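**Q** Structure for this input, please:
(one chain, ligands or ions: 2)
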Amino acid sequence: MGLWIETECGRLLVSPGEIAVVPQGFRFSIDLPDGDSRGYVAEIYGAHFQLPDLGPIGANGLAAPRDFLAPTAWFEEGLRPEYTIVQKFGGELFTAKQDFSPFNVVAWHGNYVPYKYDLQKFCPYNTVLVDHGDPSINTAPTDKPGVALLDFVIFPPRWLVAEHTFRPPYYHRNCMSEFMGLIYGAYEAKADGFLPGGASLHSCMTPHGPDTTTYEATIARVNAMAPSKLTGTMAFMFESALVPRVCHWALESPFLDHDYYQCWIGLKSHFSRIGLNETNAEQTEKKTEALE
Ligand SMILES: O=C(O)Cc1cc(O)ccc1O
Ligand SMILES: [Fe+2]
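**A** Ligands and ions are numbered 1, 2, ... in the order given. Sure, this is the predicted structure:
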């Protein structure tokens, strides 16, 4: 079922595979009808989420405004003795008691509201000939495209059709920090060890890319790659221009993967000079001669 989120504007039932945004200042409470549940939470202090400008994509694509659903008014009446409100202020949590529910708003209008979005509604755009696009092409909400406090990027099921291209994510460093989570299925860059519910963090300028198994399997197929479909998967990335600090709770967690770096052990070059009409050494020689 998911989460029941109660807010002053009404209730949202947020199912697995959906995201919810609660704007700053709202009272909310979360009920877990399925018992223990897991998910990912990000809190930003700054601008509010918006959809990225579609640029040359134009009218349609990525996350469509119509798919962001706000609740209708719903309210609780009567006495609720000892109702505890937890309020965050200046980074600290405070409590207050009152004898009524904060969810007593019988009607509302406006657009500063909580909302939810089903990630399966996302309309991905991708390369249709060569090369691997920047993941920003999969941005759903962001607060400031390019240098965001938080871009929410998704990696949904999609066709991969690029030719003469290493199709999984390239090896790279990023000026943004990348926190990735896997909601279900498998992530295209990690054959082992990155499981649903897990998370990885590649901080600003930390090199990363597919694990050795993915790399070798891709290289083995690279010259004979028909269109193929990534199915049954949903990964996401919180991408931030800020550098996240890892809290003690995470560092001391028994689930911390101390051996994560091992996923790249054994990567070896498959570069071949065959087919090149000029070797690197010959080019260097020419450049040196030209300088003399
Ligand atoms: O690192 C990652 O797996 C996320 C990512 C995916 C992609 O397709 C291109 C760049 C990138 O950072
Ligand atoms: Fe990355």
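**Q** element containing Glu178, please.
**A** strand 177-184 (DSSP states H and E).
**Q** Tyr112 now?
**A** Tyr112 belongs to no helix or strand, assigned by DSSP H and E.
**Q** if I pick it, what's in contact with it?
**A** Applying C-beta atoms under 8 Å, 6 or more residues apart in numbering, we find Tyr112 in contact with Pro23. In short, each C-beta sits where N, CA and C put it, glycine included.
**Q** distance of it from Ile85?
**A** Remark: distance between Tyr112 and Ile85 (C-beta to C-beta, to the nearest Å) = 20 Å.
**Q** In the stretch 51-200 of the chain, what residue comes closest to ligand 1?
**A** Ligand 1 sits closest to Pro169 of the stretch 51-200 of the chain, with a gap of 3.4 Å, by C-beta to the nearest ligand atom.
**Q** What separation do you get for that residue and Tyr187?
**A** From Pro169 over to Tyr187 the distance is 9 Å, taken as C-beta to C-beta.
**Q** which of these two has more neighbours?
**A** Tyr187 (25 against 17; other C-beta atoms under 10 Å).
**Q** Once you drop chain neighbours, what's closest to that one?
**A** Closest residue to Tyr187 apart from its sequence neighbours, by C-beta to C-beta, 6 or more residues apart in numbering: Ala235 at 4.5 Å.
**Q** I'd assumed the one you found was in a helix, is it?
**A** No - assessed with DSSP: H, G, I helix; E, B strand; the rest coil, Ala235 is strand; it does not lie in a helix.
**Q** Begin at 188 from now on, thanks
**A** Sure, I'll start numbering at 188, so the last one becomes Ala422.
**Q** May I have the residues that are in contact with it?
**A** Applying C-beta under 8 Å, 6+ apart, the residues near Ala422 are Ile341, Phe342, Met367, Gly368, Leu369, Ile370, Gly372, Tyr374, Glu375.
**Q** so the fifth one makes contact with Gly380?
**A** This points to Leu369. No - with contact defined as C-beta atoms under 8 Å, Leu369 and Gly380 do not form a contacting pair (10.6 Å).
**Q** higher neighbour count, those two?
**A** The residue with more neighbours, out of Leu369 and Gly380, is Leu369; 21 against 14, by other C-beta under 10 Å.
**Q** Report the beta-bridge partners for the more buried one.
**A** Leu369 has these beta-bridge partners by DSSP bridges: Ala422.
**Q** and Ile324, which of the three is it?
**A** helix.
**Q** Next, count neighbours for it.
**A** Based on other C-beta under 10 Å, the number of other residues close to Ile324 is 16.
**Q** Same question for Arg214.
**A** Neighbours of Arg214 using other C-beta under 10 Å come to 15.
**Q** what's the distance between it and Pro322?
**A** From Arg214 to Pro322 the distance is 35 Å (C-beta to C-beta).
**Q** Please apply the same query to Ser387.
**A** Going from Ser387 to Pro322 by C-beta to C-beta gives 14 Å.
**Q** Run through the helices of the stretch 338-479 of the chain in chain order.
**A** Counting by DSSP state H, counting those that start in this stretch, the stretch 338-479 of the chain has helices at residues 399-408, 435-438, 467-478.
**Q** quick one: Thr194 and Pro210 touch, right?
**A** No - applying C-beta under 8 Å as the test, Thr194 and Pro210 come out as separate, 9.3 Å apart.
**Q** Find residues that contact each of the two.
**A** By C-beta under 8 Å, 6+ apart, Thr194 and Pro210 have these common neighbours: Pro301.
**Q** And these two? Which one has more around it.
**A** Set Thr194 next to Pro210 and count neighbours by other C-beta under 10 Å: Thr194 wins out with 24 against 15.
**Q** just the strands in the stretch 238-387 of the chain please.
**A** Secondary structure of the stretch 238-387 of the chain (DSSP state E, counting those that start in this stretch): strands located at 255-256, 266-276, 279-287, 302-305, 326-329, 338-342, 345-347, 364-371, 386-389.
**Q** worst average pLDDT in those strands?
**A** Per-stretch averages of pLDDT across the strands of the stretch 238-387 of the chain put strand 326-329 at the bottom, with a mean of 82.
**Q** tell me which residues in it are buried?
**A** By 16 or more other C-beta atoms under 10 Å, the buried positions in strand 326-329 come out as Thr326, Ala327, Pro328, Thr329.
**Q** Kindly report the same for stretch 289-297.
**A** Buried residues in stretch 289-297 (16+ other C-beta under 10 Å): Pro289, Phe290.
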